[in-house]
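Colleague: sequence and predicted structure are below.
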Amino acid sequence: MRKYLSIFKISFQQEFVYRLNFIMWRIRNVIQILLIFFLWDSVFSEPGKVLFGYDRARIITYVFGLIFIRSVVLSIRSIDVAGEISRGEFANYLIKPVSYFKYWFTRDLSSKALNILFAIFEFSLLFIILQPSFFMQTNLIYVIFFLLSLVIAILIYFLLVLLFSSFPFWYPEQAWGSIFLLFIFTEFLGGGMFPLDILPKNIQNILSFTPFPHLLFSPIQIYLGKLELGGSLKALSLSMIWVIILAFFVNKLWERGLKNYKSEGK
Amino acid sequence: MKKILYYFKIWLIISKNSFLNVIHQRLALAIFLVGKILRFVFFLAFLYFIVNSAGTLAGYSSHQAIFFFLTFNLIDIVSQFLFRDVYRFRPLVASGDFDLILVKPLNALFRVLMGGADFIDLVTIPPVIYALIWLGQSLNPSYFQVLMYIFLILNGLLIATSFHIAVLALGIITLEIDHTIMIYRDLMSLGRFPIDIYKEPLKGILTYLIPVGIMISLPTKALLGLVSPIGLFISFAVGVTVFVISLKLWDFALTKYTSASS
């Protein structure tokens, strides 16, 4: 445990080494939020308008919720895993007394901690500037379910990154391609760009058979109380099942990948 | 004219090499192509569902809103197709290998700006142009409006070129490229929708300070007959001014290049 605590501290400090990089990454997040905010602000410009089951306060809460949830779920360092495998640097870890998965999960947590701090600042700043109408959830059970869904979302995203990062075991020169695909799936199928319930019912049904809605969409839905208690429990159960399924496949895939790994580039 | 032909021939040679390199990696080509097509389709579907359900977006119909989006894509894809090498500039400066470009009998800016056309983007340009023509016809523009649309697209590409030159210049001065180019792309993505959805002062900033509005929204507005002759004149003036400033910035950045690590 102590060694992972050290990894956490070192990784946290490392983020400050590349300060400009970090600030630029946060600026990018704010720009993306502004795009979505103004889009929805324009769509809901008429007072009292309800569309796709959202009123103005709920949709703006969705957008602002994204600032926080993105920082919690999508801020990762393990994006470098595919590159490490591709460059052969992964071999260095095989002889070290650390679990590779735990190492990267710890680094992810340190990245999330820093990003959450900045997200709170951005959230407050944008809130003061834009003065949006905001839906405050007062039911404690929904808030607890929401926090629980965030923890599960973190696990799902970590496992998805490991899954997509295993591609270079077989195709070492293709490190970035699979991660690029994951980003697109997360952004659009995860609800990062728009709430998934604006889509036709049959498309929503198809999406419900994938893990992506559990990353961003489900947590916000739970917070907004749109799923009610039964629906929230169902969403949490489904996301837990996805954790188990993904963990199984990641382990199997990495076992096979390791057998195929040639440490090319080293 | 002779010089233009000379550079065009060079561009053809380096583009051919770049294409051969991409075609050699067929799997990567397939993954990125699929990714880009998916992103385009997802966004188009999203826009269609929203505007269809909401009725209008900032006063524009679903066809008009999609035309804004397609215009954004045209400028975005063409500039990525032409200026892909900008994304690979940082290692040249960090390693000092930029020296090898500076000593060649070739304009260094041309080499780092247009040194590697992107085959994947080339594949996606014709479908976007076809969609623009198909959808544009339903908007019933006059010949003059179509002509202005084309000129403003070229003006938008001039501004996109200026941004890429500025990113290269900042890369020399600060050694930071990756995020700067992505911030440029994020800012540009604000033009996916009509600039009218933004409120002041952001709308003003996006129109004149970071001329995303002039670059992306204005061509479509001209096609819809919503731009006055003065507006057209200001747009071209902004395009030329931004281009001249970016060249000055590049000249200044070159004086700061230290050739470190070489």
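Modeller: Nice, I can see it. Numbers count the residues shown, from 1 in each chain, chains lettered A, B, ... in the order given.
Colleague: neighbours around residue A:150, how many?
Modeller: 19 (other Cβ atoms under 10 Å in any protein chain shown). C-beta here means a position set from N, CA and C on the backbone, and glycine is covered the same way.
Colleague: now do the one 5 residues further on
Modeller: Other residues within reach of residue A:155 by the criterion other Cβ under 10 Å amount to 18.
Colleague: quick one, what contacts it?
Modeller: residue A:243 (Cβ atoms under 8 Å, 6 or more residues apart in numbering or on different chains).
Colleague: for it, phi and psi?
Modeller: Note on residue A:155: backbone dihedrals following degrees, to the nearest 10 are phi -60, psi -40.
Colleague: what's the pLDDT at it?
Modeller: pLDDT for residue A:155: 96.
Colleague: check which helix or strand covers residue A:27.
Modeller: helix A:19-43 (DSSP states H and E).
Colleague: near chain B, anything from that helix?
Modeller: Yes: Helix A:19-43 lies within reach of chain B by Cβ under 8 Å from any Cβ of the partner chain, at A:20-21, A:24-25, A:27-28, A:31-32, A:34-35, A:38-39, A:41-43.
Colleague: name the helices or strands packed onto that helix?
Modeller: In terms of contacts (3 or more Cβ pairs under 8 Å, 6 or more residues apart in numbering or on different chains; DSSP states H and E), helix A:19-43 is packed against helix A:56-69, helix A:100-130, helix B:26-54, helix B:178-189.
Colleague: sorry, back to before: select only the buried ones of the residues of helix A:19-43 next to chain B in PyMOL?
Modeller: PyMOL command restricting those to the buried ones, with burial defined by 16 or more other Cβ atoms under 10 Å in any protein chain shown:
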select buried, chain A and resi 24+25+27+28+31+32+34+35+38+39+41+42+43
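Colleague: for stretch B:237-253, C-alpha coordinates in CSV please.
Modeller: Below are the C-alpha coordinates for stretch B:237-253, written out as CSV (Å, rounded to 0.1, in the frame of the first residue of the first chain):
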residue,chain,number,x,y,z
ALA,B,237,-9.7,42.5,-44.6
VAL,B,238,-9.6,40.4,-41.4
GLY,B,239,-8.4,37.4,-43.4
VAL,B,240,-5.5,39.3,-45.0
THR,B,241,-4.6,41.0,-41.7
VAL,B,242,-4.5,37.8,-39.7
PHE,B,243,-2.3,36.2,-42.4
VAL,B,244,0.2,39.1,-42.5
ILE,B,245,0.4,39.1,-38.6
SER,B,246,1.0,35.3,-38.6
LEU,B,247,3.9,35.7,-41.1
LYS,B,248,5.4,38.5,-39.0
LEU,B,249,5.1,36.2,-35.9
TRP,B,250,6.8,33.4,-37.8
ASP,B,251,9.7,35.7,-38.8
PHE,B,252,10.0,36.8,-35.2
ALA,B,253,9.9,33.2,-33.9
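Colleague: near chain A, which residues of the stretch 51-200 of chain B?
Modeller: B:53-54, B:57-58, B:174, B:176, B:178-180, B:182-183, B:186-187, B:189-190, B:192-193, B:196-199.
Colleague: repeat that with 10 Å
Modeller: Within the stretch 51-200 of chain B, the positions near chain A by Cβ under 10 Å from any Cβ of the partner chain are B:51, B:53-60, B:174-176, B:178-180, B:182-183, B:185-199.
Colleague: from those, keep the buried residues only.
Modeller: Among those, the ones that count as buried by 16+ other Cβ under 10 Å are B:51, B:54, B:57-58, B:60, B:176, B:179-180, B:182-183, B:185-198.
Colleague: and the helices in the chain?
Modeller: Since no chain was named, I'll use chain A. A:2-17, A:19-43, A:56-69, A:81-87, A:90-94, A:100-130, A:140-165, A:175-189, A:201-207, A:217-224, A:228-260 (DSSP state H).
Colleague: let's do chain B instead
Modeller: All helices of chain B, identified by DSSP H, fall at B:2-24, B:26-54, B:62-83, B:89-95, B:98-102, B:108-114, B:119-137, B:143-174, B:178-189, B:202-204, B:212, B:218-223, B:229-256.
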